[in-house]
Structure formats: structure tokens, C-alpha cells
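[1] Model the structure of this input:
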Amino acid sequence: MEVRKTVRIVNRQGLHARPCHSIVSTALEYGSEFRVRSGEREVNGKSILELMTLSAASGVELELRAWGADAESLVEALERLFAEGFGEEIDPLS
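    Predicted coordinates for the structure are as follows:
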């Protein structure tokens, strides 16, 4: 089963080391494969280094794509992380 979801980065500082760590830590709890797309660039969502190369700022939309037995649960967990701004200050304009 493949699951796709578009999410918006709402924390003020965008995808820096801490949010990338949160994404990878969450993704590694699941067996499904996981990719993240920003524009034309797609990276392994279970690699902090690859995620950081996206340099995605606040307000940017990303596509989350997972496939495997627990893909739906993985995407739902990540969607919550993004919506909560990774526990950081939310940018009211995003």
C-alpha cells in the first residue's frame, strides 16, 4: 500500500537539524519505505543528511510518500509532527 500526503512546514525555522531528527526518529519506528519530495527533489525520509539537503523554509509544502504494511500509520504520525511544528514556534504566516 502506498500513501501520499502533502504537508506544510509551519515552524518558523523550517527544516533544520532538530525537525529532521524528529522526522527520521519517527520514520525509523516503522518498517515502511519513506520518501520526501520538495519540488523536483526527492530524498530518503529516513536519512537526516538527505532531509537537510532539502533546505525547506517555513511555508514550504512537502509531499510525504510511504509504502509498506504500516505506511498509513507512518504518514499519520509524521503529519502530526508537521502540524505541531515539531514542538517549535509556529510561523503565523505559514
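[2] What count of nearby residues applies to residue 26?
    17 (other C-beta atoms under 10 Å). C-beta: built from backbone N, CA, C; applies to glycine.
[3] Same question for residue 82.
    Neighbours of residue 82 using other C-beta under 10 Å come to 21.
[4] That one and residue 7 touch, don't they?
    Yes. Using C-beta atoms under 8 Å, residue 82 is in contact with residue 7, at 4.1 Å.
[5] so what's residue 94 scoring on pLDDT?
    pLDDT, residue 94: 69.
[6] any idea which element the residue most central in space within the chain lies in?
    Residue closest to the average C-alpha location in the chain (C-alpha atoms, centre = their mean): residue 23, at 5.5 Å. Assigned by DSSP states H and E, residue 23 belongs to helix 17-27.
[7] what's that helix packed up against?
    helix 48-52, helix 71-83 (3 or more C-beta pairs under 8 Å, 6 or more residues apart in numbering; DSSP states H and E).
[8] Can you tell me what sits against the shortest one?
    Taking C-beta atoms under 8 Å, 6 or more residues apart in numbering as the criterion, the residues outside helix 48-52 that touch it are 15, 16, 17, 20, 21, 23, 24, 36, 43, 44, 45.
[9] mind listing what the closest residue to residue 1 other than its chain neighbours touches?
    The shortest distance from residue 1 to any non-neighbouring residue, by C-beta to C-beta, 6 or more residues apart in numbering, is to residue 71 (5.4 Å). Residues near residue 71 by C-beta under 8 Å, 6+ apart: 1, 2, 3, 30, 32.
[10] Brilliant, that's me finished.
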